[in-house]
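> Generate coordinates for the sequence data below:
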Amino acid sequence: MRALKAPRDVSVAARLIMSLLLMAAGAVVSPVMFTADAAAPKVTLNSPPSPSSNTTPSFTGNASNTTPVTVDIYAGSSPKGAVVSTATATGTGAAWVSGNASPALSSGKYTAVATQANSLVGGPEGMSKPVTFSVTPPAPTPPLASFRWFPFVPHTGEPVSLVSISTDPTSPITAIAWALTSNGPFQDGGPLLITSFSSPGEHVVRLLVTNANGLSSVATETIHVVGPTAPLMQPFPVVRIAGAETASGVKIRLLGVQQMPAAARITVRCKGRGCPIKVARRIAVSRKRRAATVEFRAFERSLRFGVTLEVLVSKPGEIGKYTRFAIRRAKLPVRVDMCLDPAGVTPVVCPLSGA
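Have a look, this model is predicted:
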């Protein structure tokens, strides 16, 4: 059978239809060659904030395909030369957001172009219009002023080390000044200042630091200063109370204070009904270089429940001894031993265990 050829002056679609008809009729036809062109994806690219000090910007836009979107960044005002940084995004078929550009950009002008591959192999890629943006140096920032002090709770007259731990990641610190009051002038100094405080209480200290750009910051701290530690009375007193329970309370057979320094003041106070006397006071006298012993025989008798005895042993400027002895009904008496403040007035926790 003679081969038939489709006319050349008809369109590719018409020639294809004719070939199919001829094949259906049993005719031999020559193959028809044709190419199907796939449309390129539509890609847009929004300009990032410009100028900006962000050296790793991200990008946004729209793309019609779901293939990945690549943003190529070129140095200068046109997309020419080598690509200096890249950002990528996942294609969604609509709006897309890229990650941060990598590597980071330096200061200057840049041009970015977004591209998206065709979903059909060999199809043309989509490309956005170029956008130009600028990266500027970051604005100068002031240093971060900060300091510490040692010891943390100093005593009056004790040396205190003030140590600057100020930082500035962008510019060297060129000047340091200190002020030891909340409103006084700053005095030039270094990162270490050794000083002391003559009075107890809250003391405001300020630190002023300045960097090479002329920017400054101030740190303000309050240091709590305590008075000098009073010594413990030596020898430290021992309060002795001995007796026996009775039906109505306790019969005291011994109330005394031993092991005291000379000139120590001993006060015994009695509170409650049935006290033989309300207050008794004595001054310790040391004999033959031996610690004095003082007894209070006025209280060595039967005392009913509800009575409380307080023994205070004091000496100006020293930590003394405090003992309280409470008599209870049908129960053993309660004894409390503490220290006494240097003023001889207020019971306090002893600075040394076992005092």
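
> is Lys251 in a bridge, and if so with what?
For Lys251, the beta-bridge partners under DSSP bridges are Ala244, Ser302.

> How about the contacts made by the nearest residue to Cys275 once chain neighbours are set aside?
With sequence-adjacent residues excluded and distances taken as Cβ to Cβ, 6 or more residues apart in numbering, Cys275 is closest to Val307, at 6.1 Å. In this view, the C-beta of every residue, glycine as well, is placed from N, C-alpha and C. Each residue near Val307 by Cβ atoms under 8 Å, 6 or more residues apart in numbering is listed here: Gly249, Cys270, Lys271, Gly272, Arg273, Gly274, Cys275, Ala326, Ile327.

> Check these against Val84 and report the nearest one.
Ala326 (86.5 Å; Cβ to Cβ).

> gap between the closest one and Cys270?
Per Cβ to Cβ, to the nearest Å, Ala326 is found 11 Å from Cys270.

> pLDDT wise, what is the residue nearest to Cys275 at?
On the pLDDT scale, Val307 is placed at 96.

> again, but for Thr195
Per-residue confidence (pLDDT) for Thr195: 97.

> From what I see, it and Leu180 are in contact.
Yes: the criterion here is Cβ atoms under 8 Å, and Thr195 meets it with Leu180 at 6.4 Å.

> related to what we said a few turns ago, now a ChimeraX select for only the buried ones of the contacts of Val307.
Selection of buried members from these for ChimeraX, criterion 16 or more other Cβ atoms under 10 Å:
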select :249,270,275,326,327
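
> Looking at the contacts of Val307, which are in strands?
By the criterion of DSSP state E, membership of those in strands covers Gly249, Cys270, Lys271, Ala326.

> Thr308 is in contact with the first one, correct?
It stands for Gly249. No: using Cβ under 8 Å, Gly249 is not in contact with Thr308, being 11.5 Å away.

> Common neighbours of the two, please.
By Cβ under 8 Å, 6+ apart, Gly249 and Thr308 have these common neighbours: Ile327.

> which neighbours do Ala326 and Cys270 share?
Common neighbours of Ala326 and Cys270 (Cβ under 8 Å, 6+ apart) are Val307, Thr308.

> burial of the spatially closest residue to Ser198 that is not a sequence neighbour, as a residue count?
Nearest residue to Ser198, sequence neighbours excluded (Cβ to Cβ, 6+ apart): Thr156, at 6.0 Å. Applying other Cβ atoms under 10 Å, we find 14 residues neighbouring Thr156.

> low pLDDT regions in the chain?
When residues are selected by pLDDT under 70, those of the chain lie in 1-38, 286-292, 352-355.

> How is it partitioned into domains?
Following the assignment in automatic domain parsing, the chain carries domains at 1-34, 43-135, 147-225, 238-348.

> Val71 touches Ala89, doesn't it?
Yes: judged on Cβ under 8 Å, Val71 makes contact with Ala89 at a distance of 7.4 Å.

> count of residues packed around the closest residue to Ser47 other than its chain neighbours?
In space, and not counting its chain neighbours, Ser47 is closest to Val131: 4.2 Å by Cβ to Cβ, 6+ apart. By the measure other Cβ under 10 Å, the count of residues near Val131 is 20.

> so where do the strands sit in the stretch 151-300 of the chain?
Applying DSSP state E, counting those that start in this stretch to the stretch 151-300 of the chain gives strands spanning 160-164, 173-179, 187-189, 192-195, 201-211, 216-225, 238-245, 249-260, 265-271, 279-283, 292-295.

> Which of the ones you listed sits closest to Glu125?
The closest of the strands of the stretch 151-300 of the chain to Glu125 is strand 201-211. By Cβ to Cβ, the value is 49.2 Å.

> so how far is the closest one off the chain centroid?
From the chain centre to the centre of strand 201-211 is a distance of 20 Å (Cα atoms, centre = their mean, to the nearest Å).

> contact partners of it?
For strand 201-211, contacts defined as Cβ under 8 Å, 6+ apart pick out 142-143, 145-147, 149, 162, 164, 166, 168, 170-182, 186, 197, 216-225.

> quick one: buried residues of it?
Residues of strand 201-211 classed as buried by neighbour count (16+ other Cβ under 10 Å): His203, Val205, Arg206, Leu207, Leu208, Val209, Thr210, Asn211.

> between that strand and strand 216-225, how big is the angle?
160 degrees (axes from the mean of the first three to the mean of the last three Cα atoms, to 10 degrees).

> Strand 201-211 pairs with which strands, parallel or anti?
Note on strand 201-211: by DSSP bridges, its sheet partners are strand 173-179 (antiparallel), strand 216-225 (antiparallel).

> okay, it in CSV with CA atoms only?
Extracted in CSV, the C-alpha atoms of strand 201-211 (Å, rounded to 0.1, in the frame of the first residue of the first chain):
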residue,chain,number,x,y,z
GLY,A,201,23.9,51.2,106.4
GLU,A,202,23.1,51.4,102.7
HIS,A,203,25.7,53.0,100.4
VAL,A,204,25.0,53.9,96.8
VAL,A,205,27.9,53.4,94.4
ARG,A,206,27.8,54.3,90.7
LEU,A,207,30.0,53.4,87.8
LEU,A,208,30.3,55.4,84.5
VAL,A,209,31.9,53.8,81.5
THR,A,210,32.6,55.3,78.0
ASN,A,211,33.5,53.6,74.8
